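**Q** only geometry, no sequence info:
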Ligand SMILES: [Zn+2]
C-alpha cells in the first residue's frame, strides 16, 4: 500500500503540533540568580536559564556567544533593570535578534519597573562615579518589593502563556503565602539588628539594610563602581575603630581583600553575605537566601 506522503506529512505535523502544545513550556532567560529563582517559584513548568551566578558581578558580564544563543531562544527575559545590565543586556538583545524580548515587548521584564526603586537621582555627573541613576537595582533583599515583583511577573507569565493561566495563578498564590509567612518570621528574627551599623562594599545590600533598620556608615568603594583604594581604606580605619560597627559586609562576588585589610587594622569582623541565590549551600532558593543572610548578620553561622 502506498502511503500518501502529503497526508503523512500533515498527520506528522498535527501530532508534533499537539505534543509541543502539551509541553508548551516557556523559555525563560534570567539575568540574575534571584530572577531565575523567582521564575522557578512562579513558572514551575518553564525552561529556565540563569545567565549569571551569585559569584559574578551583575554590573559587568561578558556578552558571550552562549548567552546570545540562550537569549535567541527566550520567550521571556527577566532582569533587575534600572540599568544594572546596561553594559551587557543591550548587546545580547542586539546580537540575538529575538523580537520577542526586545525593548518594549512583553517578553522583556524588569523587576525595577514594577516598584519604586530607592535612591533615584535627579541629576548625574561624571564626578559621581558609576552611580545607579535610575535607582538602586539590587531589589532581591526587599521582601515587600519582591512580593510586588512576583505579582507582576506572574501576570506577565499569564499574558505570554494564557492557556496555563490557572497554573501560574496557583503557583503565585502558593509562593505569596509562603513568602508573607516567612517575611513575618524574618522580621521578628531580625529585631535585634535594628539600629546596628555596618561598613559595606557598594550598595548591594541597600534594601536589606533599609528593611532591617541597619545603617551603612561607609562604603569600601571610594566612589560607586570603583574598587577600594588603599587611601580610601585608610580613611575608614578611624570610623571602623569607633566601636559601634557590627561588621564589614562584602557580597559573595566582591573582592574581600580590602575588607580583610580593614578588619585586620580594626578588629571588626568581615561578613561575606550571598549576593543572591546559589552563593552558598544554605542559599539554594530565595527563602534560604534570606535565612542565611539573617543568620550571618545575627552572628550564627
Ligand atoms: Zn549596583
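**A** Nice, I can see it. Small disclaimer: the values here were computed from a predicted structure and weren't measured.

**Q** tell me which stretches of the protein form strands.
**A** Ranges of strands in the chain, per DSSP state E, are 27-30, 47-50, 76-79, 108-110, 197-200, 215-219, 245-251, 270-273.

**Q** helices or strands up against the fifth one?
**A** When you say that, I think you mean strand 197-200. With contacts defined as 3 or more C-beta pairs under 8 Å, 6 or more residues apart in numbering; DSSP states H and E, the packing partners of strand 197-200 are strand 215-219, helix 230-241, strand 245-251. Heads up, the C-betas are built off the backbone N, CA and C, glycines and all.

**Q** now with 7 Å?
**A** Using 3 or more C-beta pairs under 7 Å, 6 or more residues apart in numbering; DSSP states H and E as the contact test, the elements touching strand 197-200 are strand 215-219, strand 245-251.

**Q** by contact count, what packs against the lengthiest helix in the chain?
**A** Determined from DSSP state H, the single longest helix within the chain is helix 165-189. If contacts are counted by 3+ C-beta pairs under 7 Å, 6+ apart, helix 165-189 sits against helix 33-42, helix 143-160, helix 286-297.

**Q** any buried residues in the longest one, and which?
**A** When you say that, I think you mean helix 143-160. Within helix 143-160, the residues scored as buried using 16 or more other C-beta atoms under 10 Å are 143, 145, 146, 149, 150, 153, 154, 155, 156, 157, 158, 160.

**Q** same check, this time on the last one
**A** Applying a neighbour-count criterion of 16+ other C-beta under 10 Å, one finds 286, 287, 288, 289, 290, 291, 292, 293, 294, 296, 297 buried in helix 286-297.

**Q** okay, these in a markdown table with pLDDT and distance to residue 87 next?
**A** Putting the buried residues of helix 286-297 into a markdown table (pLDDT from 0 to 100; distance: C-beta to C-beta, whole Å) gives the following:
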| residue | pLDDT | distance to residue 87 |
| --- | --- | --- |
| 286 | 98 | 25 |
| 287 | 98 | 30 |
| 288 | 98 | 29 |
| 289 | 98 | 24 |
| 290 | 98 | 28 |
| 291 | 98 | 31 |
| 292 | 97 | 28 |
| 293 | 98 | 26 |
| 294 | 98 | 31 |
| 296 | 97 | 29 |
| 297 | 98 | 30 |
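
**Q** just confirm residue 224 contacts residue 133, I think it does.
**A** No. Applying C-beta atoms under 7 Å, one finds residue 224 not in contact with residue 133, separated by 10.1 Å.

**Q** how about residues contacting stretch 215-222?
**A** Contact partners of stretch 215-222, identified using C-beta atoms under 7 Å, 6 or more residues apart in numbering, comprise 197-202, 209, 228-229, 232, 236, 239, 245, 258-259.

**Q** again, only using 6 Å
**A** Outside of stretch 215-222, the residues that reach it under the criterion C-beta atoms under 6 Å, 6 or more residues apart in numbering are 197-202, 209, 228-229, 232, 236, 239, 258.
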